[in-house]
Each structure stands twice: as C-alpha cells, then as structure tokens.
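Asks: quick one: sequence plus predicted model below, questions after.
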Amino acid sequence: MARIFTYPITCSTKLGFDLSFSSHRHLRRLTFRPTFITLSPTQSPCRALIRRFVAMDSSGTDSAKELHVGLDPTTEEEYATQSKLLQEFINIPSIDKAWIFNSDSGTQAMFALSQANLLANKRKKFMLSSHISKESNSVNFHWAPFPVEMTGASAFIPSPSGLKLLVIRNPEKESPTKFEIWNSSQLEKEFHIPQKVHGSVYVDGWFEGISWNSDETHVAYVAEEPSRPKPTFDHLGYYKKENSLEKDIGSWKGEGDWEEEWGEAYAGKRQPALFVIDVDSGEVEPIKGIPRSISVGQVVWSPISNGSAQYLVFAGWLGDKRKFGIKYCYNRPCAIYAIKFISNEPKDDANEFPVHNLTKSISSGFCPRFSKDGKFLVFVSAKSAVDSGAHWGTESLHRIDWPSDGKLLESTNIIDVIQVVNCPEDGCFPGLYVTGLLSDPWLSDGHSLMLSTYWRSCRVILSVNLLSGEVSRASPIDSDYSWSVLALDGDNIVAVSSSPVSVPEIKYGKKALDSAGQPSWQWSNIQSPIRCSEKVMSALSSLQFEILKVPITDVSEGLTEGAKKPTEAIYVSSSKPKENGKCDPLITVLHGGPHSVSPCSFSRNSAYLSSIGYSQLIVNYRGSLGYGEDALQSLPGKVGSQDVKDVLTAVDYAIKMGLADPSKITVLGGSHGGFLTTHLIGQAPSKFVAAAARNPVCNIASMIGITDIPDWCFFEAYGDQTHYTEAPSAEDLSLFHKMSPISHISKVKTPTLFLLGAQDLRVPISNGFQYVRALKEKGVEVKVLVFPNDNHPLDRPQTDYESFLNIAVWFNKYSKH
C-alpha cells in the first residue's frame, strides 16, 4: 500500500509573490490561508505546492487563467523537473568553524556545520567531532558516526582548556536568554538571564564577541541592552511616573523616543552593550562607564601578568550623530578601547573605571587579539575605507606593545605590521582583505599570525610575522581554489578548501621549512565529512573552471598604474566535448558592493546553474577587492560606466576566445550587481537575451532618501565623501539619475526577472518597483517575485531556493529555446 504524505502550506510565507501579471490590487484577491496538500510517493512537495498555488484563488476556484499567475503547463512542468536537482544542491552543508583540543589521550577536533532546512525555512546547526591520528607522515581524521544537532543554540564557545563548553540560546520575544555550561559528559549549570538585565546576545559575526577569561571563571560578551522605559499613562491619559506605586490596571504604554538602529540586518536590535557573567554563580555584571554613544563589539580579555589589573578590550563604533548601515560596511569609524575589570568589586557611578581609547591616531580599529605571551595586541584597520568613503577597502594590520605592568598610557604607539598596498607587482601580495580573525590565530613562536584573505579572485591563507611584517602564503601557491583557515593544531593548520566545481573539503597543513629555511606547509587531503548525492557528484564531475585574465581596454589619462592592470573573470563550463562545436548558454554573474569580490569557491546555486547546462562568467571588475587599492579606488565616480565597460570587455573576451555564443548570453546580479545588470540591458540592449536582478539599485536619486547608506550614493557618484549632505540638492539628484540604470530605460528590451525583499533597508523595494513599472509601461517582458519577510541578501532557505528555481526557468525560456 502506498504511503501518503501531508504537508501544511502557508502561501504568504512559503512563496514569493509572482507579480508578473499585474498591479498590487491582484494580491488582495489571493487568500493566504494554510492549506494541506496530499501527495503520493511519486509527487514532490515543490511540485504539489506549485500546482496548489496556481489552482487556487480567494474562493478556492480552480482557475489558473483567472489568476493570471503566469505558470503555464510548460513552466509548471519545468519547475517540477528542475526542483529536485536544486534541492539536492541546496542540501549540501557548509563547514563554518572548527576547534582543536590536545590532551594526553590525543588530538580531538570539533566542527560546526550548517545546512538549509527548507520546511523550517532556517539553517540547521550541528556539531561533528573527529579524532586526529598522526603517524609519521600521514594524518587521519576518524569521524564520529553521526553529527549532533545543536537545536536552538545561537552560539557555542569552548573554554581555553577545552574542558568546558558554553552554549547560548537566545530567546524568542521576551523570554530569558539561556547560558549553559557543559563538561565532557553532562550539563553542569544553566542560567536564565531575564530581559531586565539584557536582551539577546549578539551572534551576528560583527558586534559579536563572546570570550572566556584565562582561568575560566568569567565570560565577557556583547548583548542588547535592556529595553528603555516607555512612558505610561492611566485610563484618563494622565502620565504615570516611572517609580509610581499605583497599580497598572487600566494603564497603557506609549512608544517613547525613537532610537536609530544600525540599518540592514539590525532592525529591531537594541544597542550592543558589554556584560560579564560569573560561570559559577550566574551573576551578570553590566560593564559601566562606557559612553552610550559607543556601540561595543568583539570583546577579548587582556592577559594577567605580575598581579596587574585585567582589562576588557573591545572594538567600538561611534553612533552619536547618525548610525549609517553597518552590515558589509567597513568604512564606519571605530576604535579599540580598554576598560579595567576587577571581579566582585562594588562600583557606582562615582567610581566607574575610565575607558581608554587605544587607537586615537587611526580612524579604524577592530578584531583585537592578544599574542599568547601577552606582549602584543594586534588589530585590523579599515582606515583606507574610513578615510576615503569606500564601503570596503584594502586593510592594514597593526600592533600595540601591551604594558607588562598593566598601566595604560594616554598615548599609545601603534606599529604598522602590514600597510595598505596600492599597486601590487604581478603575482605579489595585493594587500589585506579580511572579514575577521580566529580567536586563537597564533603559531607557537608567539609572533606569527595565521589569517585568511582575498588575493585577486581567490581566498588564501597567509602567515604574518608581527615583528618583521613579512607575509608568506601558507595555502598552495599553485592552487586556484579558495582556502580558509578554520583552526590551528599547534603549528599545523586545519583548513577548508573549495572551488566552483568542488564542494568544501577539509585540508590539513603540516608545517615544515623550505630550502631557504622559511616556513611552509605540506597539505594532506582529509576524508570529507560532507556527503553529496550521486546525482550532484556526477554533475560536478562534468564541470571545469579557469581564471581568465582580461586586459583593460579603456586606459585613459589620469588612471593609476594599478587600475591599468588586467582584471579577472572565473569561467565555469562543462568538460564534455561540445556538440557540433556549439557553446552552452552563458550566464554573466556580477557581485554587489561594488567593493566586494566573487571568490573562486563553491556556491550551491552557481554549481546548480552550471549543472543544468550553463557556462558562467563570474566577473571581478575594477573596484573589486583583491587587486590593491589603486584598482579599487578607480571606480568611485565612474559607477555605471567603468564597471559596465569592464563587464562588457570580459564578455567580449569570452566570445573572442570561443567560450560563449553571442546569441545565448544572459546576465545575473544582486545589489550593485543588479545595478550593473540593469545598466547593461540599457547600455547594451542587444547583448543579453535575458536578465535577472536581485534587489537591484535602479535609481540612485530615489534611493538616497530611503536607504540606510545614503553616503554610498554620494561616494560612488562623486568619487569622494566631501559632497555628502542629508539634504541633497537638485544638482545632486540630477547626477544620481544620470548615473543610474533608469536613465537608459528607453533602450531596454531584454526580458528581466526581478527578485525583491520587502524588508530590504539597503535598497528598499520601491527602487526596484519603479524600474519594473517603467519597463512594463514600455512593453518589456518582466516577471517579479517579492519575498515579504526577506531583506537585502535574499538568503533565507525557501527564498534562496525559489529564487534560483525561477532564475533557471527564466533563463531556460530565453536562452535554450
């Protein structure tokens, strides 16, 4: 007897609205009530969901024609065909973090992985452990038979000794935050921290900072400050004082003063503040004395030596004038601060410890790390971004000699370790581009630090000598894969490596000395914990990639030397012989930013598109990271021009090399990549047979007043930050319009798919809709999907899945028929 499966479906959250048919008023005709779909074993949930959505209107009438949702039987069948393979790609896990524990019984590794859960529309987090055996020249990982899901865990942080594990579970709504202390066999303690003490702990990867002290008695961390009191009124509307003894019966609360947030991804998040918990008693101490104008993050403990006082050292961002969006924006001024911490010492407002700014002489400082011996404090600086206005730039690395007596001076001497690289020599280090550092990034010599950075179109692992400033590449020099350091096992490295055609794999690098006596690492392949389906492995095995060097064709006067050098594009294609010499359809893929990069690493969505018969040209135009500061700074003031030319040059280069059929080229981009996508279909209207844009910037003039990064509009249009004002002039708006895709709207004829997040604060949805309506007005074929609960990245599992399912079907319609 066949089994029957029942799936609950709520269309408002499970599907993006398909608005290809008409205006908003049609949305009101759809009833988004939960429905149940009964499937036989031969039906997939996706296929049944699609049919149900097409077939139902508000009265339940089966009339796809009446709804005009645009899913004809051919499209529906293609959805069903494509969805199975896409689901198998989406299910591939990510390797996020790792920890190494050495003891008398051997070496243990613990890995944090995550995987999309489509039904729950969240990512599942789980832990996988391994015993590492080292025999002569071989290294073997003996994996546990099964991973353990960390249900409800927001963060897990092993103690320095590896004997304890802190698990933090952030609350939903107004519940307490849970802190759990585990040993090797059981839960030792659990503490519930109420909302009146603080809200959720920051685990965002930026403000986030959770740090054990060296004797493992306290943990410092960053959490949302408690809610500020709101005005209370009685039933007659009279104001009630905050400490009034009157009962609250019949009273109501007002909204109180509006407080600015840090923009995209931080909506509803309160001010990040610093706390310390005693892991024995559970007592939580808010760290007083830090001005509220400073948003704190990335806290670490200073070393203890000679009985000196211990400090909490952290990064701080000033938000007293205005909080611009901070997500993906390294150009926000910040500094490294220190404040003394003495446990159990009573403090009131009169004798709070002072806060020391350790980096007054530099405009940016973040990711503080102390050397193992406590002699150095090292930090990363994005001063090139802060000083210029670019949202990301070539970074620098600095150190401070930490006083052995713990007495901080008014003026701190900052020593440059790695300076900003403007114009790198061919094949040489192009500068620093890091997103963070390991919590313990040090080799045993105490002054060599390991980190991951972008190097042109790849991500590489570097060893940095803090004393000499010497930089050496630890990942293989001849590898076009992307590498990231996960953890250190003494002087050996546990890393993850991937490419556009290979899933992430664990690598183990054993330190050795080369012929010149310099450190190098011999790399071993480790049996991967990631298991893919046979269909995925078969698809990937038929793919290949290469990094193309694309010459610059518009070498104008005044262009710096670094901006004249070739750019790169990653070309992914089938390794099978071409049928009749014909090229597969080509997707031109464009990253956002513009000061970002598409690294030569594995992307589930990209691999899926390659697996269904597309070649891809992933362009890292000038302005991208990894080329040095000259090339990056050549773009501001020329967006919509220089970057467009770079993309067209890369496409023409691929055609010239016989890698693309000029009649089957499409374009895909998000954010600034969407800006380029919509520019390209206007400036080169016959070049692309179809386009897809994810939360694109279409009109800077209308974006300026509603985005969380209005400074981006001025900087990318003018090329500097001196023109910024909260009240743009008519001349400003005219320039913004001139540099926007909408200024070329009259020439567009390319069928275009738009994917928009209704909660996007970076490029609010109205920007895309204005462009969409202008295209529809002139009769260009347009399809729009709106995801009601998504913001700028469109990265929730169901949204990600449905987006690329539609991209595949859209491109198939115009490039394969």
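Replies: Cool, got the structure.

Asks: now the helices for the stretch 301-450 of the chain?
Replies: Per DSSP state H, counting those that start in this stretch, the stretch 301-450 of the chain carries helices over the ranges 383-388.

Asks: run the chain-centre distance for stretch 252-272.
Replies: Its chain's C-alpha centre and that of stretch 252-272 lie 23 Å apart, by C-alpha atoms, centre = their mean, to the nearest Å.

Asks: can you get me the start-to-end distance on it?
Replies: Separation of the first and last residues of stretch 252-272 by C-alpha to C-alpha, to the nearest Å is 28 Å.

Asks: could you do stretch 279-298 as well?
Replies: Using C-alpha to C-alpha, the two ends of stretch 279-298 sit 20 Å apart.

Asks: buried residues in it?
Replies: Buried residues in stretch 279-298, counted by 16 or more other C-beta atoms under 10 Å: V279, V284, E285, I287, I290, I294, S295, V296, G297, Q298. For glycine as for every other residue, the C-beta is placed from the backbone atoms N, C-alpha and C.

Asks: same check on stretch 546-564?
Replies: Per 16+ other C-beta under 10 Å, stretch 546-564 contains these buried residues: I547, L548, V550, I552, L559, G562, A563, K564.

Asks: dump these to JSON lines, plus pLDDT.
Replies: Converted to JSON lines, these look like this (pLDDT from 0 to 100):
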{"residue": "I547", "pLDDT": "98"}
{"residue": "L548", "pLDDT": "98"}
{"residue": "V550", "pLDDT": "97"}
{"residue": "I552", "pLDDT": "94"}
{"residue": "L559", "pLDDT": "91"}
{"residue": "G562", "pLDDT": "94"}
{"residue": "A563", "pLDDT": "95"}
{"residue": "K564", "pLDDT": "95"}
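
Asks: filter those down to the ones in strands?
Replies: Within those, residues falling in strands by DSSP state E are I547, L548, V550.

Asks: kindly indicate which of the buried residues of stretch 546-564 lies nearest S475.
Replies: Lowest distance from S475 to these (C-beta to C-beta) belongs to I547, with 15.2 Å.

Asks: measure that closest one to G626 for me?
Replies: 11 Å (C-beta to C-beta, to the nearest Å).

Asks: find the pair from the buried residues of stretch 546-564 with maximum spatial separation.
Replies: Greatest spacing in the buried residues of stretch 546-564, by C-beta to C-beta: I547 and L559 (23.1 Å).

Asks: what is the burial count for A512?
Replies: As a burial measure, A512 scores 10 neighbours (other C-beta atoms under 10 Å).

Asks: what helix or strand is Y79 on?
Replies: Per DSSP states H and E: Y79 is located in helix 73-90.

Asks: same for that helix, what does it pack against?
Replies: For helix 73-90, the packing partners by 3 or more C-beta pairs under 8 Å, 6 or more residues apart in numbering; DSSP states H and E come out as helix 45-55, helix 534-541, helix 604-611, helix 797-815.

Asks: for those helices, give me CSV that also has mean pLDDT, distance to P594 and mean neighbour count.
Replies: Formatted as CSV, these follow (pLDDT from 0 to 100; distance: least, C-beta to C-beta, whole Å; neighbours: other C-beta atoms under 10 Å):
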stretch, mean pLDDT, distance to P594, mean neighbour count
helix 45-55, 40, 34, 19
helix 534-541, 95, 30, 14
helix 604-611, 97, 19, 23
helix 797-815, 96, 21, 21
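
Asks: mind putting those helices in CSV, distance to K164 included?
Replies: Below are the helices and strands packed on helix 73-90 laid out as CSV (distance: least, C-beta to C-beta, whole Å):
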stretch, distance to K164
helix 45-55, 42
helix 534-541, 38
helix 604-611, 35
helix 797-815, 32
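
Asks: relative to I157, which of those is closest?
Replies: When the helices and strands packed on helix 73-90 are ranked by proximity to I157 (C-beta to C-beta), helix 797-815 comes first, at 25.3 Å.

Asks: and the angle from the closest one to helix 73-90?
Replies: 130 degrees (axes from the mean of the first three to the mean of the last three C-alpha atoms, to 10 degrees).

Asks: on that earlier part again, ok, which of the helices and strands packed on helix 73-90 comes nearest N170?
Replies: Ranking the helices and strands packed on helix 73-90 by their distance to N170 (criterion: C-beta to C-beta) puts helix 797-815 first, at 19.2 Å.

Asks: tilt between the closest one and helix 604-611?
Replies: Going by the same axes, to 10 degrees, helix 797-815 makes 30 degrees with helix 604-611.

Asks: please begin residue numbering at 10 from this point
Replies: Right, with 10 as the first residue, what we last looked at is helix 806-824.

Asks: who does helix 806-824 touch, helix- and strand-wise?
Replies: helix 82-99, strand 115-126, helix 613-620, strand 674-679, strand 699-703, strand 761-766, strand 791-796.

Asks: let's see that with 7 Å instead.
Replies: Counting contacts by 3 or more C-beta pairs under 7 Å, 6 or more residues apart in numbering; DSSP states H and E, helix 806-824 packs against helix 82-99, helix 613-620, strand 674-679, strand 699-703, strand 761-766, strand 791-796.

Asks: could these go into TSV alongside distance to R782?
Replies: Output for those, formatted as TSV (distance: least, C-beta to C-beta, whole Å):
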stretch	distance to R782
helix 82-99	23
helix 613-620	28
strand 674-679	20
strand 699-703	14
strand 761-766	11
strand 791-796	9
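
Asks: where among the ones you listed is the average confidence lowest?
Replies: Mean pLDDT per stretch puts helix 82-99 lowest among those, at a mean of 88.

Asks: let me see the domain layout of this structure.
Replies: 14-80, 203-251+268-436, 543-708+749-824 (automatic domain parsing).
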